[in-house]
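Colleague: Need coordinates for the below:
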Amino acid sequence: MEVDDIISYHDLVTAERAALQKGMNFGVGKKYSVFLMSLREGAAYAYALDPGTGILTYEGHDEPQRKGGSNPKEVDQPLTTPRGSWTENGKFFRAAMDFKSGLRGKAELIKVYEKISRGIWSYKGFFELIDANIVSDEKRKCSSFC
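Modeller: Numbers count the residues shown, from 1 in each chain. Here you go, the predicted model:
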């Protein structure tokens, strides 16, 4: 598969040997993780792929909607679950911090697919996870990865 190849969701599932449903998928491949993203207008998350530098900025994912709970867009994106285990945000955040501090010798490799339309994807290639931050807007704190 070449960068910018257009593939079906079936092709994506075949390539990853998993029916990926969430955007952040830590350790899905033998030596990599997977991000699914949409750059379309009105997308639920703020992703950006700079064509000049090739740097991908990926927003972490919201807490799941719970029946009778708060709007996920109005609460902080969690790094851990209520039971203390890592969320996908937390796994990627920890990998980035471990790399930055030298605890991890190599950056986490992330294979990225962009959703073009329903069932149609574009393969964007591999990126190295070299940094993560907690950013705050007026409403909440979000994870940001690059």
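Colleague: Tell me how far stretch 29-38 lies from the chain's centre.
Modeller: Taking C-alpha atoms, centre = their mean, to the nearest Å, one finds stretch 29-38 lying 8 Å from the centre of the chain it belongs to.
Colleague: cool, stretch 51-68 as well?
Modeller: Distance, centroid of stretch 51-68 to centroid of chain: 6 Å (C-alpha atoms, centre = their mean).
Colleague: what about it, start to end distance?
Modeller: With C-alpha to C-alpha, to the nearest Å applied, stretch 51-68 spans 41 Å between its terminal residues.
Colleague: Check stretch 9-29 too.
Modeller: 17 Å.
Colleague: Check which residues of it are buried.
Modeller: Residues 11-12, 15-16, 20, 23-26, 29 are the ones in stretch 9-29 that count as buried (16 or more other C-beta atoms under 10 Å). C-betas here are computed from N, CA, C, even on glycine.
Colleague: What average pLDDT does that stretch get?
Modeller: Mean pLDDT, stretch 9-29: 93.
Colleague: Let the chain start at 56 from now.
Modeller: All right, first residue 56 from here; so that's stretch 64-84.
Colleague: So which elements touch the longest helix seen in the chain?
Modeller: When the chain is parsed with DSSP state H, its longest helix is helix 143-156. In terms of contacts (3 or more C-beta pairs under 8 Å, 6 or more residues apart in numbering; DSSP states H and E), helix 143-156 is packed against strand 79-80, strand 163-172, strand 175-184, strand 187-191, strand 196-200.
Colleague: Thr69 falls within a helix, correct?
Modeller: Yes. Assessed by DSSP: H, G, I helix; E, B strand; the rest coil, Thr69 belongs to a helix.
Colleague: Right, I'll call it a day here.
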